[in-house]
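Q: Curious how this folds, go ahead:
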Amino acid sequence: MVASESIRRPMSSRRVEALPASGIRRFFDIIATMDDVISLGVGEPDFVTPERVREAAIRSIRDGQTHYTSNFGMYELRELIARDLERRFGVSYDPATEIMCVAGVSEGLNVACQAVLDPGDEVLSPDPYYVAYPPTVMLAGGVFIGVPTDEAHDYRLQVADLERYVSPRTRALLMGYPANPTGADLTRADLEAIASFVERHDLIVIIDEIYARLVYGGEHICFAALPGMRERTVLLGGFSKAYAMTGWRLGYVAAPAEGLEAMMKVHQYVMMSAPTAAQYAAIEALRSAEEDVQLMLAEYDRRRRLVVARFNAMGLHCFEPRGAFYVFPDISSTGLDDETFAERLLFEERVAVVPGSVFGVCGAGHVRACYATAYEQLEEALDRIERFVTRVRAEAR
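A: Now for the predicted structure:
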């Protein structure tokens with residue numbers, strides 16, 4: 001008996017089918033097949049997690065601390081996070097009801113969007129933006145709206161531009177500062193103007209502060225610390241970047257109790273609780289790793305100054321980042337679009353950067369280069385980029 005042919009429904013949903021493929025992933029699939037590549041693409045510290053932090057996690061495992069924690073995370077860790085936020089930003093949260101540990105800021109963003117957004121709600125976000133922002137909003141049923149920023153304003157979000165894009169359907173403003181990919185940060189005056197806009201339009205703010213410890217030559221101001229904004233803000237933070245703990249997958253959400261309870265409902269079904277060993281590691285990080293953070297920050301600053309100077313010297317105008325560990329040079333003077341530039345640089349000189357257009361419409365004509373790479377490797381990568389740029393310009397003559 002021959003089974004009749006049948007039409008099978010697609011395995012993926014329409015919502016997932018509509019998600020854009022990651023522009024970063026394509027390049028790193030290629031890199032995996034190549035030798036001698038210097039990667040300036042992945043936003044990951046090249047430092048190892050401080051030894052005391054690693055030992056704390058190992059000790060917790062040896063002591064048999066391998067069970068679930070509270071859905072909200074270990075209370076001791078939440079207390080330390082609350083103290084840290086109070087010390088650095090002057091904003092207070094109750095560790096019992098207003099802080100939740102999550103599996104990295106990525107999960108924090110997901111639970112925030114799922115808890116805050118109804119289908120069709122619009123979310124405003126500065127463009128260029130981190131690549132995960134639009135898909136996360138879309139998966140929560142929201143509509144992502146990029147708001148243009150530019151170097152003329154140091155990539156700082158302007159209220160005049162927000163007013164052009166806000167609508168009766170706007171529910172939230174999603175910001176990441178210091179910014180990935182530009183390294184931009186906002187001034188107090190910027191934040192105060194945005195706070196007035198948020199209050200005027202009755203919006204919720206989701207603020208991604210994963211790079212808040214990596215700021216150069218200035219003060220980072222937490223949006224939630226502004227008058228009247230704590231009750232409107234979902235604050236996302238974590239340990240990945242400042243403490244070199246990317247693989248530990250640990251972050252936190254701080255928000256008013258009512259909002260955090262809604263996010264915990266999503267978290268408890270998606271994740272249950274953040275990794276236990278990682279929570280023990282984070283406790284030790286907050287207790288004893290401040291000197292390590294400052295040493296890493298000083299080294300990032302040294303690298304930052306190198307890459308900005310070298311890109312500008314080779315005629316690729318480079319905005320000076322105020323935070324994070326990325327530069328965003330303008331490569332349009334080469335006559336190549338950013339996709340072609342990144343692809344040719346990878347194949348011809350074995351240096352990986354990310355095309356700016358994957359970060360939004362305003363990223364076109366730029367590439368993102370991460371300087372969380374050893375100084376000597378950065379020097380070699382910059383030599384290769386300069387050789388490539390010189391060759392491309394000679395071809396065009």
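Q: C-alpha from now on. contacts and neighbour counts both.
A: Fine.
Q: Please work out how many residues are found near Ala152.
A: Ala152: 8 surrounding residues under other Cα atoms under 10 Å.
Q: State whether it is indeed within a helix.
A: Yes: assignment of Ala152 by DSSP: H, G, I helix; E, B strand; the rest coil places it within a helix.
Q: gap between it and Asp202?
A: The spacing between Ala152 and Asp202, counted by Cα to Cα, to the nearest Å, is 29 Å.
Q: swap in Gly238?
A: 27 Å.
Q: Can you pick out the residue with more neighbours from these two?
A: Taking other Cα under 10 Å, Gly238 and Asp202 do not tie; Gly238 has more neighbours (28 against 13).
Q: Can you pull the phi/psi pair for that one?
A: Backbone dihedrals for Gly238, given as degrees, to the nearest 10, come out at phi -170, psi -170.
Q: show me the contacts for the closest residue to it other than its chain neighbours.
A: Nearest residue to Gly238 in three dimensions, chain neighbours excluded: Gly251, at 3.7 Å (Cα to Cα, 6 or more residues apart in numbering). Contacts for Gly251 (Cα atoms under 8 Å, 6 or more residues apart in numbering) come out as Cys101, Val102, Ala103, Gly104, Val105, Gly108, Leu236, Gly237, Gly238, Phe239, Ser240.
Q: now Leu214
A: Pro178, Ala242, Leu297, Gly323, Ala324, Phe325.
Q: Which among the residues you listed count as buried?
A: The neighbour-count criterion (16 or more other Cα atoms under 10 Å) marks Pro178, Ala242, Leu297, Gly323, Ala324, Phe325 among the contacts of Leu214 as buried.
Q: Dump those to JSON lines, plus secondary structure, pLDDT and distance to Glu55.
A: Shown next, in JSON lines, are the buried ones among the contacts of Leu214 (DSSP: H, G, I helix; E, B strand; the rest coil; pLDDT from 0 to 100; distance: Cα to Cα, whole Å):
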{"residue": "Pro178", "secondary structure": "coil", "pLDDT": "97", "distance to Glu55": "30"}
{"residue": "Ala242", "secondary structure": "coil", "pLDDT": "96", "distance to Glu55": "18"}
{"residue": "Leu297", "secondary structure": "helix", "pLDDT": "98", "distance to Glu55": "22"}
{"residue": "Gly323", "secondary structure": "strand", "pLDDT": "97", "distance to Glu55": "29"}
{"residue": "Ala324", "secondary structure": "coil", "pLDDT": "98", "distance to Glu55": "27"}
{"residue": "Phe325", "secondary structure": "coil", "pLDDT": "97", "distance to Glu55": "27"}
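Q: ok, so of these, who is nearest Leu346?
A: Among the buried ones among the contacts of Leu214, Phe325 lies closest to Leu346 (Cα to Cα), at 20.5 Å.
Q: contacting residues for that closest one?
A: The neighbours of Phe325, taking Cα under 8 Å, 6+ apart as the test, are Gly43, Gly183, Leu214, Tyr300, Arg304, Cys370, Tyr371, Ala372.
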